[in-house]
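J.: no FASTA, just this:
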């Protein structure tokens with residue numbers, strides 16, 4: 001195997017987008033994927049999941065989503081699209097290969113995997129968030145008699161028929177899982193720890209993403225102020241639902257805290273109808289009971305933790321921890337870092353859509369790698385073998 005022009009870790013949307021853009025720039029990538037197929041995370045998401053961003057703003061560079069897809073493609077259609085993207089750019093990932101460490105190697109990078117060691121002038125980390133489910137701990141959790149699982153393990157409502165279920169967290173996963181359970185007739189409550197932002201997925205017939213893109217040049221707080229009356233009209237009073245509206249608006253929350261608002265597709269209506277109960281934050285487990293902030297207790301058969309993900313890339317990049325923050329997340333996504341040849345894609349939470357942002361980042365990364373490659377050719381051929389082990 002000749003040395004690739006770049007190694008891309010992850011064959012989800014971000015990894016595929018970067019690899020496709022590299023191919024278009026005549027840079028041959030080596031795409032490494034720990035699972036056995038592209039889009040592995042989308043394959044194991046819960047059954048009812050649809051894209052929260054519209055088809056027109058969710059395509060990866062070089063291949064529009066099919067017009068036969070609905071405005072918000074379903075999970076299986078996203079998988080189909082990712083497969084077609086890999087075919088379109090003749091991307092052939094090295095599957096079932098887990099990267100253990102990425103180390104600086106002369107003027108390039110060395111990737112140690114369970115399937116050999118690979119070298120390239122550049123590496124793009126595009127492993128996403130879903131490999132690190134965040135499972136908080138509470139007093140009494142180990143003694144809870146019911147089922148506790150992270151939202152990443154939820155598939156559908158069938159196993160919960162006839163049970164009382166608590167969903168912890170009102171993000172997009174928590175809101176949609178609670179909705180899925182309520183629509184299936186399951187008794188469900190949702191624990192909400194603090195103030196929230198809720199947006200309709202569509203506003204005045206337009207995807208909410210289109211509004212965010214239209215206002216992207218404005219300061220987030222100003223954009224929130226301008227859109228607030230329409231949002232309140234569409235969503236209604238949160239106080240009547242037992243919820244507290246966040247002090248900062250959704251765009252400011254995304255930009256300042258990386259906190260994505262709930263894009264409502266029916267959860268609010270079910271709360272209003274009494275089909276989804278709202279409870280305070282979870283404080284502790286007491287036998288089969290859950291104790292909430294304020295001291296009230298209720299019995300539940302199952303708890304689903306929609307508590308998000310917390311990637312930590314420090315073990316992967318022991319030579320480049322300066323590119324990561326204190327939690328192990330990249331300081332820069334979508335461009336060159338402090339270490340030549342090291343890039344990250346897909347780690348910036350964008351108010352104008354994650355897949356759209358991935359496409360923009362992938363183009364920038366590929367362009368920078370191509371430019372560095374041309375400069376390297378002018379200086380002379382690179383050193384190092386392609387693979388060993």
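T.: Ah, there it is. A quick note: this is a predicted structure, and the numbers were derived from the prediction, not measured.
J.: what's near enough to touch the spatially most central residue of the chain?
T.: Closest residue to the average C-alpha location of the chain: residue 129 at 5.3 Å, with CA atoms, centre = their mean. Shown in contact with residue 129 (CB atoms under 8 Å, 6 or more residues apart in numbering): 309, 311, 347. (Glycine included, C-beta is placed from N, CA and C.)
J.: with those in mind, which one is nearest to residue 2?
T.: Ranked by distance to residue 2 (CB to CB), the contacts of residue 129 are led by residue 347 at 29.7 Å.
J.: From the contacts of residue 129, keep the buried residues only.
T.: Buried by 16 or more other CB atoms under 10 Å: 311, 347, out of these.
J.: what would the contacts of residue 129 look like in CSV with secondary structure and distance to residue 103?
T.: Output for the contacts of residue 129, formatted as CSV (DSSP: H, G, I helix; E, B strand; the rest coil; distance: CB to CB, whole Å):
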residue, secondary structure, distance to residue 103
309, strand, 25
311, coil, 19
347, coil, 20
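J.: Pick out whichever of the contacts of residue 129 sits closest to residue 48.
T.: Within the contacts of residue 129, proximity to residue 48 (CB to CB) peaks at residue 309, which comes in at 19.6 Å.
J.: now the residue nearest to the closest one when sequence neighbours are not counted: how far from residue 304?
T.: Distance criterion CB to CB, 6 or more residues apart in numbering; nearest residue to residue 309, sequence neighbours excluded, is residue 129 at 4.1 Å. Look at residue 129 and residue 304: by CB to CB, to the nearest Å, they are 18 Å apart.
J.: what's near enough to touch the closest residue to residue 320 other than its chain neighbours?
T.: Closest residue in space to residue 320, ignoring its immediate chain neighbours: residue 339 at 4.8 Å, by CB to CB, 6+ apart. By CB under 8 Å, 6+ apart, the contact set of residue 339 is 104, 319, 320, 322, 323.
J.: for residue 58, same thing?
T.: Counting by CB under 8 Å, 6+ apart, residue 58 has contacts 51, 65, 73, 353, 355, 356.
J.: tell me, how many neighbours does the third one end up with?
T.: When neighbours are defined as other CB atoms under 10 Å, residue 73 has 22 of them.
J.: Give me the pLDDT value at the residue nearest to residue 309.
T.: pLDDT recorded at residue 129 is 89.
J.: again, but for the one 4 residues further on
T.: In the predicted model, residue 133 carries a pLDDT score of 93.
J.: and it, what are its bridge partners?
T.: In this entry, residue 133 is beta-bridged to residue 309, by DSSP bridges.
J.: Please tell me the pLDDT value assigned to the residue nearest to residue 320.
T.: Note on residue 339: pLDDT of 95.
J.: Assign a three-state SS to it, would you?
T.: With DSSP: H, G, I helix; E, B strand; the rest coil as the basis, the three-state label of residue 339 is coil.
J.: how about low-confidence regions in the protein?
T.: 1, 377-389 (pLDDT under 70).
J.: now the helices for it?
T.: Along the chain, the segments classed as helices by DSSP state H run 13-24, 40-44, 75-88, 172-183, 208-214, 220-235, 250-257, 267-273, 354-379.
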